[in-house]
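J.: Sharing a sequence plus its predicted fold:
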Amino acid sequence: MTETTDRITANAGAIAAAEKDRLLANTRASSALFDRAVKTMPGGVASSFQLGDPYPIYLERGVGAEVWDVDGNAYYDFHNGFGSIAVGHAHPIVAEAVSKAAHNGMHFAVTVEACVALAEELCRRFNCDQVRFTNSGTESNMTAIRVARAATGREVIAKIEGSYHGHVDQLMYSCTPGADVMGGRDTPAKHPKSKGMPKDLDQWIRIVPFNDAAAFERLLHEEGDKIAALIMEPVMMNVGIVLPQPGYLEAIRDLCTKYGVVLIFDEVKCGVTIAAGGAQERFGVQPDLASWAKSIGGGAAIGAFGGKAEIMDEINHGAAHQGTYNGNPLSVAASLATLTQVLTPDAYVHFAELGKRLTDGMNDAIEKFGIPAHTIDLGAKGCVSYRPEPLTNYRDFLDTNTALYDASYPWMINRGVFMTPGDEEQWTLSVQHTHEHIDRYVDAFLGLCEALAA
């Protein structure tokens, strides 16, 4: 098996080099735009997640499940705005709602009736008492943490090793640490993700592994009276997709209740994508607070957080939550149309059918050519990770074969499949994807596996 894997890895290097050359030849307009953009934006992009090597692909437009870059190349889109476009591009229902809102006033910094209706829909979907709006997942997580601290009178926050919760300083620890800085398995290090953070800020954070309730219990036994909240993705989506093992979320819920710790589910990525009611519906575990963003907005910039009324009431008693653009009419209109008219029960039947068709086809290719990889199918979300066994935590992710990803990205792009630029990401399906789009992906992946195994 080692000999086979070594051959596949060697082939991956040659494929990556050839496909990258082809990609660069086909994206000369992106190269030219990068030369222009880098003069006024660090890295030539609006967010560091958009960086490319040696430059990113710049898109021009998107309709349905397709996008076109500035060179005129067409792609079937499985990137979908880092998971923000489960409705697909330019969905007519969402576009009409946004157009109507734009013509009636894009911003007032005053709550509108549609904002109230959206709050009611979020509370219904996620079985929570109250919500507040933000403009991003980062803001949602930041404020949920503040409210949890206010509710408990404690200051320390626990988080999962390898998880990302936005670029707020207090949570940018142990996001994707390298093996040389992540510490021991029983004592994960609090390694900062970014420069520019106060060096003593780490006193307010504790790190525990995913799928290890015993490790969290040990932490609570030692410091339970200091810990305000555990913030976690109920499905890890910063390293591909890592599913919670049976009983894990239930055990975490019980421990948080026992020690008076606020359990916060970061559902920014999995919210309305893995089920209509997110992880809470799919796994039957209710947090105290949750945060949402990305696909709840149908492409608009919006976030939200909410949960138990007695915790959210801290906002009425000194826990600050502000934002000039919170609940603005444009974003609210897009989100309300998305949740009430597009992401309906039929949409989730559609996601299930397409997800199965995609992973079935990929699994056949993996098995046929002996590729060390596995797939995950989870509603509108899914991934292929280049490691034979499913991941259980962040450290498993470090065992994935990055050479295979380095070959797969340009290979898929060159065959009209637009993907996220990172082996830690995952695909997102939209309601506008069809069998044709899925089969293009499968055919391209089949060709990749055949080339890897040659």
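T.: Everything's here; your move.
J.: which residues touch the residue nearest to the spatial centre of the chain?
T.: The residue lying closest to the centre of the chain (CA atoms, centre = their mean) is Lys269, at 3.7 Å. Contact analysis of Lys269 by CB atoms under 8 Å, 6 or more residues apart in numbering lists 83, 233, 235, 237, 294, 381. Just so you know, the C-beta spots here come from the backbone N, C-alpha and C atoms, and that holds for glycine as well.
J.: Is the closest residue in space to the fourth one that isn't next to it in sequence part of a helix or strand, or is it coil?
T.: I take that to be Met237. What sits nearest to Met237 in space, not counting adjacent residues and going by CB to CB, 6 or more residues apart in numbering, is Lys269, at 4.3 Å. Here Lys269 is coil, with the state taken from DSSP: H, G, I helix; E, B strand; the rest coil.
J.: Ala320 now?
T.: Assignment for Ala320 (three-state DSSP): coil.
J.: And it, how far from Ser140?
T.: 15 Å (CB to CB, to the nearest Å).
J.: returning to what we had before: what's the farthest-apart pair in the contacts of Lys269?
T.: Val235 and Lys294 (13.6 Å; CB to CB).
J.: Tell me who's in contact with the closest residue in space to Thr340 that isn't next to it in sequence.
T.: Spatial nearest neighbour of Thr340, excluding adjacent residues (CB to CB, 6+ apart): Glu121 at 6.0 Å. Glu121 sits next to 336, 339-340 when contact means CB under 8 Å, 6+ apart.
J.: ok, now Asp406?
T.: Asp406 neighbours (CB under 8 Å, 6+ apart): 12-13, 16.
J.: go again using 6 Å as the cut-off
T.: Ala16 (CB atoms under 6 Å, 6 or more residues apart in numbering).
J.: list residues touching both of Val235 and Lys294?
T.: By CB under 6 Å, 6+ apart, Val235 and Lys294 have no common neighbours.
J.: circling back: more neighbours, Ala320 and Ser140?
T.: More crowded of Ala320 and Ser140, by other CB atoms under 10 Å: Ser140, with 30 against 10.
J.: Just to check, the more buried one is in contact with Gly306?
T.: No: when contacts are counted by CB atoms under 6 Å, Ser140 is not listed as touching Gly306 (9.2 Å).
J.: low pLDDT regions in the chain?
T.: The chain contains residues with pLDDT under 70 at 1.
J.: does the residue nearest to Thr340 count as helix, strand or coil?
T.: helix.
J.: quick one: it from Ser335, how far?
T.: 8 Å.
J.: quick revisit: show me the contacts of Lys269 that map onto helices.
T.: Here DSSP state H is the test, and the contacts of Lys269 give Gly83 as lying in helices.
J.: Turn the contacts of Lys269 into TSV, including distance to Thr273.
T.: Formatted as TSV, these follow (distance: CB to CB, whole Å):
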residue	distance to Thr273
Gly83	6
Glu233	12
Val235	10
Met237	9
Lys294	8
Lys381	5
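J.: If we ignore the residues flanking it in sequence, what's nearest Ala37?
T.: Using CB to CB, 6+ apart, the closest residue to Ala37 is Gly44 (3.7 Å).
J.: so who does that neighbour touch?
T.: With CB under 6 Å, 6+ apart, Gly44 has these contacts: 34, 37-38.
J.: what do you get for Val431?
T.: 87-88, 347.
J.: Provide the backbone phi and psi angles at it.
T.: phi -70, psi -20 (degrees, to the nearest 10).
J.: So which bits of stretch 271-287 are buried?
T.: Buried residues in stretch 271-287, counted by 16 or more other CB atoms under 10 Å: 271-276, 278-283, 285-287.
J.: got it, and stretch 248-261?
T.: Quick answer for stretch 248-261 (16+ other CB under 10 Å): 248-249, 251-253, 255-256, 259, 261.
J.: Point out the ones among those that are inside helices.
T.: Using DSSP H, the buried residues of stretch 248-261 in helices are 248-249, 251-253, 255-256, 259.
J.: TSV please, covering the residues you listed and showing distance to Ile241.
T.: Below are those laid out as TSV (distance: CB to CB, whole Å):
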residue	distance to Ile241
Tyr248	15
Leu249	15
Ala251	21
Ile252	18
Arg253	21
Leu255	24
Cys256	23
Tyr259	29
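J.: and stretch 390-407, how far apart are its ends?
T.: 21 Å (CA to CA, to the nearest Å).
J.: If you count neighbours, what's buried in that stretch?
T.: Applying 16+ other CB under 10 Å to stretch 390-407 flags 391-398, 400-401, 403-407 as buried.
J.: Quick one: the strands in this protein, in order.
T.: Using DSSP state E, the strands found in the chain span residues 59-63, 66-69, 74-77, 130-134, 156-160, 205-208, 227-232, 262-266, 289-292, 303-307, 374-378, 381-385, 417-418, 427-428.
J.: what's in contact with the first one?
T.: Counting by CB under 6 Å, 6+ apart, the neighbours of strand 59-63 from elsewhere in the structure are 67-70, 89-90.
J.: Just flag the most distant two among the residues you listed.
T.: Maximum distance among the contacts of strand 59-63 (CB to CB): 17.7 Å, for Val70 and Ala90.
J.: Which one of those two is surrounded by more residues?
T.: For the pair Val70 and Ala90, the greater number of neighbours falls to Val70 (17 against 14), based on other CB under 10 Å.
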